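K.L.:
Build me a structure from this.
(chains A and B)
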Amino acid sequence: MGPVPRTLELFYDVLSPYSWLGFEVLCRYQNIWNIKLQLRPSLLGGIMKDSGNKPPAMLPRKGQYLREDIKLLRQHFQVPIEFPKDFFSTILEKGSLSAMRFLTALSLEHPEMLEKVSRELWMRVWSRDEDITEPQSILAAAEKAGMSAEQAQGILEKISTPKVKNQLKETTEAACKYGAFGLPITVVHVDGQPHMLFGSDRMELLAYLLGEKWMGPVPPAVNARI
Amino acid sequence: MGPVPRTLELFYDVLSPYSWLGFEVLCRYQNIWNIKLQLRPSLLGGIMKDSGNKPPAMLPRKGQYLREDIKLLRQHFQVPIEFPKDFFSTILEKGSLSAMRFLTALSLEHPEMLEKVSRELWMRVWSRAAEKAGMSAEQAQGILEKISTPKVKNQLKETTEAACKYGAFGLPITVVHVDGQPHMLFGSDRMELLAYLLGEKWMGPVPPAVNARI
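P.N.:
This next block holds a predicted model:
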């Protein structure tokens, strides 16, 4: 049967562009490496607050650098990522609370939909510069991902329940306990030790830790594991 | 004769651990890729001041993360890098002004020594593997006294300002000109992206040794 797959937890927020890049890389490798990818929707704002950190874009030169970095990584990672026209309003003011609660509810009820709906939310905010805060916006993403209108509405109705609010809070706290000061973080357990890796630029190091082969951010497609 | 080598400028400070990692990777690849590596000693403190940034270790969780990151990268990059016993005193208080002026003077007088001496300085600050590496404090002091000239001070200032003009908010930065456009890449974790920009092959941080270019 082969060795037990290693569990990787990816903590992410759809507000975070580097989370999207890390997410796509791990989604590609989940069918190549001997891993089990667990998606953990989290709140970047909560992590910033708890760690005392600030969004990098608040420092002008970092903000400028980010823009150029994302442009280059778009090509290198082959992810259609683009800065929204009004970055401050979209990312720093409007936020992603409802979207992340929706994904949290999904993780409890339909975890098999988590990957596709997360992607559609990123496509809205970080590719087509579309809203993700209004209920209709979130429903549109869910339906584009293949959920029926009824299913999506059912999940939406749960986002303000204590159960979902608490789960998002707990996941965010779990990220903080692993030492997060931003997102994405990837947590892998190797030889009984948890290793937390920050950023979309630690995937080659992750491969090294796992004893797996790194083939760049766009590995050649291989037969999916059965 | 083949295409003209692309010039890469590496701006670095021996105070910066990630600068050492980026430096070693580029030193390895300078004999593999069609590049000309220009080392540009700079002052991290000056870049922090000019950009309004702070050393990441000043945020507790980043400081904790740094320690673990460096431990892992030590193995992955095969560089004998270790946190100094008293990190705050070494890095944040003592600084590296004399060392970087020394390297600046070298860059003006003996640029062919820049790679080796930079490495020895990193070994002194960032590795316990080399207690007696490089020059003794007396030797260094003697040389320093000969080079604390306005010329050297100004050169270091100018190099640091050049890094700032490229948009630096920390070190290391690698600047490469591709199709007439300068691209500034920050960190020791953008080398694979650099390879992509150059159309070169990335073989990880420890590429197999190949015959040096003649």
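
K.L.:
Name the residues of chain A found near chain B, please.
P.N.:
A:51-53, A:59-62, A:64-65, A:68-69, A:72-73, A:75-76, A:179-181, A:195-196, A:198-199, A:201-202, A:204-205, A:208-209, A:214, A:216 (Cβ under 8 Å from any Cβ of the partner chain). Quick note: C-beta positions are derived from backbone N, CA and C, even for glycine.

K.L.:
Show me just the buried residues among these.
P.N.:
Among the residues of chain A next to chain B, those buried by neighbour count (16 or more other Cβ atoms under 10 Å in any protein chain shown) are A:51, A:53, A:59, A:61-62, A:65, A:69, A:72-73, A:76, A:179-181, A:195-196, A:198-199, A:201-202, A:204-205, A:208-209, A:214, A:216.

K.L.:
what's the helix or strand hosting residue A:141 packed up against?
P.N.:
For residue A:141, the host element (DSSP states H and E) is helix A:135-144. In terms of contacts (3 or more Cβ pairs under 8 Å, 6 or more residues apart in numbering or on different chains; DSSP states H and E), helix A:135-144 is packed against helix A:97-109, helix A:114-126, helix A:149-156.

K.L.:
buried residues in the helix or strand harbouring residue A:8?
P.N.:
Residue A:8 is part of strand A:6-12 when elements are defined by DSSP H and E. Buried positions in strand A:6-12, judged by neighbour count with 16+ other Cβ under 10 Å: A:6, A:8-12.

K.L.:
for chain A, what are the low-confidence residue spans?
P.N.:
A:1, A:222-226 (pLDDT under 70).

K.L.:
mind listing the strands for it?
P.N.:
With DSSP state E as the criterion, chain A has strands at A:6-12, A:35-41, A:185-190, A:193-198.

K.L.:
For the first one, which strands pair with it and how are they oriented?
P.N.:
When pairing is defined by DSSP bridges, strand A:6-12 lines up against strand A:35-41 (parallel), strand A:185-190 (antiparallel).

K.L.:
Any chance of those in CSV with mean neighbour count as columns?
P.N.:
Shown next, in CSV, are the strands paired with strand A:6-12 (neighbours: other Cβ atoms under 10 Å in any protein chain shown):
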stretch, mean neighbour count
strand A:35-41, 19
strand A:185-190, 19
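
K.L.:
so which of those strands comes closest to residue A:136?
P.N.:
strand A:35-41 (20.2 Å; Cβ to Cβ).

K.L.:
returning to that earlier point: I'd like to know which of the strands of chain A is closest to residue A:127.
P.N.:
Using Cβ to Cβ, the strands of chain A put strand A:6-12 closest to residue A:127, at 15.8 Å.

K.L.:
and the direction of that closest one versus that of strand A:193-198, what angle?
P.N.:
30 degrees (axes from the mean of the first three to the mean of the last three Cα atoms, to 10 degrees).

K.L.:
what's strand A:6-12 in contact with?
P.N.:
Strand A:6-12 is contacted from outside by A:19-20, A:22-23, A:26, A:34-42, A:118, A:171, A:174-175, A:178, A:180, A:183-190, A:206, A:210, using Cβ atoms under 8 Å, 6 or more residues apart in numbering or on different chains.

K.L.:
hey, C-alpha coordinates of that strand in CSV?
P.N.:
What follows is strand A:6-12, C-alpha atoms only, in CSV (Å, rounded to 0.1, in the frame of the first residue of the first chain):
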residue,chain,number,x,y,z
ARG,A,6,1.9,13.2,5.1
THR,A,7,-0.7,15.7,6.2
LEU,A,8,-0.2,19.3,5.1
GLU,A,9,-2.3,22.0,6.5
LEU,A,10,-2.6,25.2,4.4
PHE,A,11,-3.9,28.2,6.4
TYR,A,12,-5.0,30.9,4.0
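
K.L.:
next one: it to chain centre, how far?
P.N.:
In terms of Cα atoms, centre = their mean, to the nearest Å, the centre of strand A:6-12 is found 10 Å from the chain centre.

K.L.:
go on, stretch A:69-80?
P.N.:
So, by Cα atoms, centre = their mean, the centroid of stretch A:69-80 is 16 Å from its chain's centroid.

K.L.:
Just the residues contacting that stretch, thanks.
P.N.:
So stretch A:69-80 is contacted by A:17, A:20-21, A:24-25, A:81-83, A:123, A:127, A:200, A:217-218, B:183, B:186, B:192-193, B:196-197 (Cβ under 8 Å, 6+ apart).

K.L.:
can you rerun that using 6 Å?
P.N.:
The contact list for stretch A:69-80, computed with Cβ atoms under 6 Å, 6 or more residues apart in numbering or on different chains, reads A:17, A:21, A:24, A:81, A:127, A:217-218, B:193, B:196.

K.L.:
Also stretch A:132-149?
P.N.:
A:94, A:98-99, A:102, A:116-117, A:120-121, A:124-125, A:131, A:152, A:156.

K.L.:
just checking, next helix/strand downstream of the lengthiest helix in chain A?
P.N.:
Ranked by residue count under DSSP state H, the longest helix found in chain A is helix A:60-77. With elements assigned by DSSP H and E, the helix or strand that comes after helix A:60-77 is helix A:87.

K.L.:
which pair in the contacts of stretch A:132-149 spans the largest distance?
P.N.:
Maximum distance among the contacts of stretch A:132-149 (Cβ to Cβ): 23.0 Å, for A:94 and A:116.

K.L.:
picking that back up, send the alpha carbons of the helix holding residue A:141 over as PDB?
P.N.:
Output of helix A:135-144 as PDB, limited to C-alpha atoms (Å, rounded to 0.1, in the frame of the first residue of the first chain):
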ATOM      1  CA  PRO A 135     -24.100  37.700  -0.400                       C
ATOM      2  CA  GLN A 136     -24.700  37.600  -4.200                       C
ATOM      3  CA  SER A 137     -21.000  37.700  -4.800                       C
ATOM      4  CA  ILE A 138     -20.300  34.800  -2.600                       C
ATOM      5  CA  LEU A 139     -23.200  32.800  -4.100                       C
ATOM      6  CA  ALA A 140     -22.000  33.500  -7.600                       C
ATOM      7  CA  ALA A 141     -18.500  32.100  -6.700                       C
ATOM      8  CA  ALA A 142     -20.100  29.000  -5.100                       C
ATOM      9  CA  GLU A 143     -22.200  28.400  -8.200                       C
ATOM     10  CA  LYS A 144     -19.400  28.900 -10.600                       C
END
